[in-house]
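Asks: Model the following, please.
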Amino acid sequence: MKKTILRTTAILSAIGMCISFSGCEVKTDTPLIGKVAGLSKDEAFRVGDNTCTVSELKVVLMDIQNDYKNDFGGNSDWKQKMGDTTVGDFIINKAEKEMSVIYAMAALAQKNGVTLSQTEKDKISKVAAEYVGGLSQSELAYTEASTDVVEKIYTNYLLADKLYEKNTSAVDDTVSDEDARVISVIRIFIDTTKTDSKKAIEELNHVKKQVENGYQDFLVQANKYSDKKEVEINLKKNEAKQPYEVAAFDLNEGEIGSVIEQKDGAYLVKCISAYVEGATQKNKEQIIISNKVKNFSVMYDKFIKDNGNDINKDAISEIKLSTDKNVVNTELFKKYQAIKAE
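Replies: Numbering: from 1, shown residues only. Sure thing, here's the model as predicted:
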């Protein structure tokens, strides 16, 4: 599935990493029916004293759903399988996780004295009213959105943004090109659990000799011999852990390395590009985000551990994606940028 880029902000870029580092979305094993532990049927989850309503969740869900729909030219089969789930359930889960992290961060922001200025509050009120005023009757019916609902969403996102920026601004954002370097290689892998290792090494050395003498093309030989279907790959230096990956970064462009035997099999690698510029710059940005999230997660994880949270599984299970062709709005986070702008 193509990843939508319309909703990218600093905080949204960090959320996926935040979840992967610590599983920090709101979770519970307690089944909830009606009003249990302070949650009513129209409340989706609570973190500390911060509660997200079903309406708030559906407003964000509508935005995410329509972004994905636009990625597919206005059409999508929400029941299509996506691993162990469906595209529709994946999107609902994505919205729930994103908002649980944002609302937790907003609760943490308030606990740490992060506040909004009157100017920011006025912007939120103005933009929220504009957003709700632009919704169709179908969109209003689906989300049950009001100006108050959207103001609360924007308030939580802005508090989360301010907290993240405040607590990561001191993190060193200097990453060298070498540390973030991405290279492009072609690899041949022979699984030595299925083939004699000595024979595999001899075969790869023969391939290397044939290619270096100009008798064979490395890519053709990779597609012929490799037990891994993906033979043309990019490698990131900061993520290189396997011996063949580490060794690949010592290769010059066009150079073929030595055969490397690992526990899983034997590898032969040819370097196609010793520096993929665009991918390196993107990787550098991701490393900086990763470093900031790791630093931020120390405080965040402690807050999640120390504060009560719960989720209304019954209420969330009843949330469905809209199938109404008139539910198309994707303005929620486009308008949010106006609130963040100085």
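Asks: And the helices in the stretch 201-342 of the chain?
Replies: Ranges of helices in the stretch 201-342 of the chain, per DSSP state H, counting those that start in this stretch, are 218-225, 243-248, 277-306, 313-317, 332-340.
Asks: Could you export these as CSV, including mean pLDDT and distance to Ser55?
Replies: Any C-beta I mention is one placed from the backbone N, CA and C, and that applies to glycine too. CSV is the format used below for the helices of the stretch 201-342 of the chain (pLDDT from 0 to 100; distance: least, CB to CB, whole Å):
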stretch, mean pLDDT, distance to Ser55
helix 218-225, 96, 53
helix 243-248, 98, 48
helix 277-306, 88, 24
helix 313-317, 88, 11
helix 332-340, 90, 13
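Asks: CSV for those helices, including mean neighbour count and distance to Ala170?
Replies: As requested, the helices of the stretch 201-342 of the chain are exported to CSV (neighbours: other CB atoms under 10 Å; distance: least, CB to CB, whole Å):
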stretch, mean neighbour count, distance to Ala170
helix 218-225, 17, 46
helix 243-248, 18, 32
helix 277-306, 16, 9
helix 313-317, 15, 37
helix 332-340, 17, 21
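Asks: Around Asn329, how many other residues sit close by?
Replies: 21 (other CB atoms under 10 Å).
Asks: So what does it have for phi and psi?
Replies: Backbone geometry at Asn329, expressed as degrees, to the nearest 10, gives phi -60, psi 130.
Asks: Identify the residue spatially nearest to it, adjacent ones excluded.
Replies: Glu139 (5.3 Å; CB to CB, 6 or more residues apart in numbering).
Asks: The one you found belongs to a helix?
Replies: Yes. Assessed by DSSP: H, G, I helix; E, B strand; the rest coil, Glu139 belongs to a helix.
Asks: could you list every residue that touches it?
Replies: By CB atoms under 8 Å, 6 or more residues apart in numbering, the contact list for Glu139 reads Met62, Ala145, Asn326, Val327, Val328, Asn329.
Asks: Show the contacting residues for the fourth one.
Replies: Taking CB under 8 Å, 6+ apart as the criterion, Val327 is in contact with Met62, Asn66, Ser136, Ser138, Glu139, Tyr142.
Asks: Kindly report the same for the fifth one.
Replies: Counting by CB under 8 Å, 6+ apart, Val328 makes contact with Asn66, Lys69, Ser136, Glu139.
Asks: tell me what the helix or strand encompassing Thr119 is packed against?
Replies: Using DSSP states H and E, Thr119 sits within helix 118-133. With contacts defined as 3 or more CB pairs under 8 Å, 6 or more residues apart in numbering; DSSP states H and E, the packing partners of helix 118-133 are helix 147-168, helix 332-340.
Asks: Next, format those helices as JSON lines and append distance to Phe189.
Replies: Formatted as JSON lines, the helices and strands packed on helix 118-133 follow (distance: least, CB to CB, whole Å):
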{"stretch": "helix 147-168", "distance to Phe189": "39"}
{"stretch": "helix 332-340", "distance to Phe189": "42"}
